[in-house]
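> pasting the sequence and the predicted coordinates here, then a few questions.
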Amino acid sequence: MIGLVWALEAILLGCLLVWRFSDLPAIRPAWARLLLIFGAGAAGGIGLVSYLFFFFGVLLGLPVAAMVLELALLAWAAFEVYRRQVPAVPSSGASGRPLLFRVAGGSLFLALVLAASAAWTGWDANPQGNWDAWAIWNLRARFLAAPAGLAWRAWSPVLGATTHAEYPLLLSSFIARCWAFGHSFATLVPAATGAIFFLALIALAAGTIAVLRGPTLGLLAALVLTSTPSLLHEIPAQYADVPLACYIAGAIAFALLRRPALAGIFAGFAAWTKDEGLLFLVVFLAAAAVFRRREALAAIAGALPAAAILTFFKLWLARGNGSLLSTSLPGAARRIFDMGRYGTVTAAFGRGFLDMAQGWYHPILPLIVLAAALRFDRERRREAAFSGAIGATLLLGYFGVYILTQNDLVWQLQTSLDRLLVQVWPVLVLTAFIALRMPETAMAAEPAPVQKVSRKAARKARR
Amino acid sequence: MRGASRQDPFTVSASVALVALVCLWGSFASYGFETAYQRQNSDPYMISQQFVRFEPLLSTVPSAVPEDATLGYLTDASPASTTGLAMTLGAQYVLAPRLIEKGATDDRVIGNFTRPADFAALGQSYRLRLERDFGNGVVLFRKEH
């Protein structure tokens, strides 16, 4: 239970830092602002304390230093928020909520209750999580939480290839931190971590779309994600795919909201979560350079800490462990020219997409209905292209890795493709919702007010 | 992309309501599937059970298996099989931060067996002495010097 308190402390720390040091508090509407602060704070706080624990607790063998630093940061951030309270942004003056908003909000609430109930059944049935949880992520957390001098075993080659000792350590470090600070290997910690990332993902999607495309679409985007069967299935698994999906979606969301430093930080967190996140970081920075040249430098700066720690880990600490790509290099040319593999992978991608359904419900259905009814907004082409290009390139990258891998292709596809699609699905949902016309403008001449305050205005308000 | 033509308000409202309903249907379907699936697949690799099996080893002779130990590992399960892999990784999960290393080259060797056998004789074939049998297929061997 104490481990869970430390998980909540990370969320609080993240929220206070975001509140104080980003201009998200100036965003409207208020509920979208709170969702964005929660989403950025929860996922960002987990990422930050994971860094601190890895550096002080694991590398320097001083977990108490990580704890003291965290608490000092928390106290300072709380004081700063208290001292420099951001003046409340005046409301838009709209009286009451439109019916569509209430329908979407009520449905989202019900869907979240159902998702929580389904996840609870999973935690109850499998408190240790699924295979990769106890064979990879939580196993390595147990090593990292060990007394000083033993944590290096988390990336020991003795563990063997099946534990993927070369995988990045954001999730394992966070769980280890909660276990070490709480003096208990409580199964509640990894279970709750999956739920926190899921909620952060929903909050980020809802907040971003609400700000950019209006409140109703914001809630509907969250509803589509909450009711995605394959995403729900991954929550109790205690894998790193939901955290990665959250960081990927967060990075794109903050890029769309013109917060490039936060976007870069989230892209860095993605790279420090899973190897696929490293691919995302490269793709994201390339897309930023193409579509948002002026903001690319800030995004790169945001991603630097993660890039540094990841480089150190991969090239120095875990260098004895071959990655999926490096072990696939021998014989790669033969596999690249094997046309049969392309057919197998294409068919598997098609099946994987169809398998995201549950019964006759497929999460693409609501998007089709909305596209037919609302149509698309010409003004949003560039944002949609930015987000869509990242999603498409990621899928292309995953496709290429399947072509290259020396593992048994069918086994590799069967054991991983559904989770890769879960990582990219929120990007596709964000892309679709960014491109849609707002219901309010689709049926009325008067456009909804732009619900974003410029950085300059936010700074002025703070002063 | 289409142009920004005005849509019939009823169509827009109805489609938003339809999307909400469709999503809720999906949520109910997912809930039904997940609850049934999780009940049918409750701890399929018996990882929780591994904590129970190895608890006597960790609690009765902690000095024989200190946290910084690297332990050898013997099993009768085929290492390539799902059972063998789950037993090995499950044991590693429970015993961490101790490292387990397949084979009998280390000073102390954990035996993790699926069925009863003459563990003393088995140990001797690896030049190991049976130090203790903890039941449930878990034994501790020592290297004979």
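Received the coordinates, thanks. Residues are numbered from 1 along each chain as shown, chains lettered A, B, ... in the order given.

> B:N112 contacts B:L89, correct?
No: using C-beta atoms under 8 Å, B:N112 is not in contact with B:L89, being 11.0 Å away. (C-beta placed from N, C-alpha, C; glycine too.)

> ok, now which ones touch the nearest residue to A:L417 once chain neighbours are set aside?
Nearest-residue entry for A:L417: A:G352, 4.5 Å, with adjacent residues in sequence omitted and distances by C-beta to C-beta, 6 or more residues apart in numbering or on different chains. Contacts here follow C-beta atoms under 8 Å, 6 or more residues apart in numbering or on different chains; on that basis A:G352 touches A:413, A:417-418, A:421.

> again, only using 10 Å
Residues in contact with A:G352, defined by C-beta atoms under 10 Å, 6 or more residues apart in numbering or on different chains, are A:230, A:345, A:413-414, A:416-422.

> equivalent analysis for A:A333, please.
Counting by C-beta under 10 Å, 6+ apart, the residues that A:A333 touches are A:L404.

> in what helix or strand does it lie?
Following DSSP states H and E, one finds A:A333 within helix A:332-336.

> quick one: end-to-end length of stretch B:110-129, please.
End-to-end distance of stretch B:110-129 (C-alpha to C-alpha, to the nearest Å): 11 Å.

> average model confidence for stretch A:366-375?
Average pLDDT, stretch A:366-375: 94.

> buried ones in that stretch?
Across stretch A:366-375, burial judged by 16 or more other C-beta atoms under 10 Å in any protein chain shown covers A:366-367, A:369-371, A:373-375.

> what's the answer for stretch A:285-294, then?
A:285, A:287-288, A:291-292.

> the longest helix along chain B: how far from the chain's middle?
Criterion DSSP state H: the longest helix present in chain B is helix B:9-40. Relative to the chain's own centre, helix B:9-40 is displaced by 33 Å; criterion: C-alpha atoms, centre = their mean, to the nearest Å.

> same check on stretch A:349-358?
Distance, centroid of stretch A:349-358 to centroid of chain: 21 Å (C-alpha atoms, centre = their mean).

> what's the answer for stretch A:387-405, then?
With C-alpha atoms, centre = their mean, you get 17 Å for stretch A:387-405.

> and the furthest pair within the buried residues of stretch A:285-294?
Across the buried residues of stretch A:285-294, the longest distance by C-beta to C-beta is 11.2 Å; it joins A:L285 and A:F291.

> helices and strands around the helix or strand where A:V282 lies, which ones?
Assigning secondary structure by DSSP H and E places A:V282 in helix A:275-291. On a contact count with 3 or more C-beta pairs under 10 Å, 6 or more residues apart in numbering or on different chains; DSSP states H and E, helix A:275-291 meets helix A:241-256, helix A:260-271, helix A:293-312, helix A:324-328, helix A:381-404, helix A:409-435.

> could you dump those helices to JSON lines with mean pLDDT?
Compiled in JSON lines, the helices and strands packed on helix A:275-291 are given as follows (pLDDT from 0 to 100):
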{"stretch": "helix A:241-256", "mean pLDDT": "97"}
{"stretch": "helix A:260-271", "mean pLDDT": "97"}
{"stretch": "helix A:293-312", "mean pLDDT": "94"}
{"stretch": "helix A:324-328", "mean pLDDT": "77"}
{"stretch": "helix A:381-404", "mean pLDDT": "96"}
{"stretch": "helix A:409-435", "mean pLDDT": "96"}
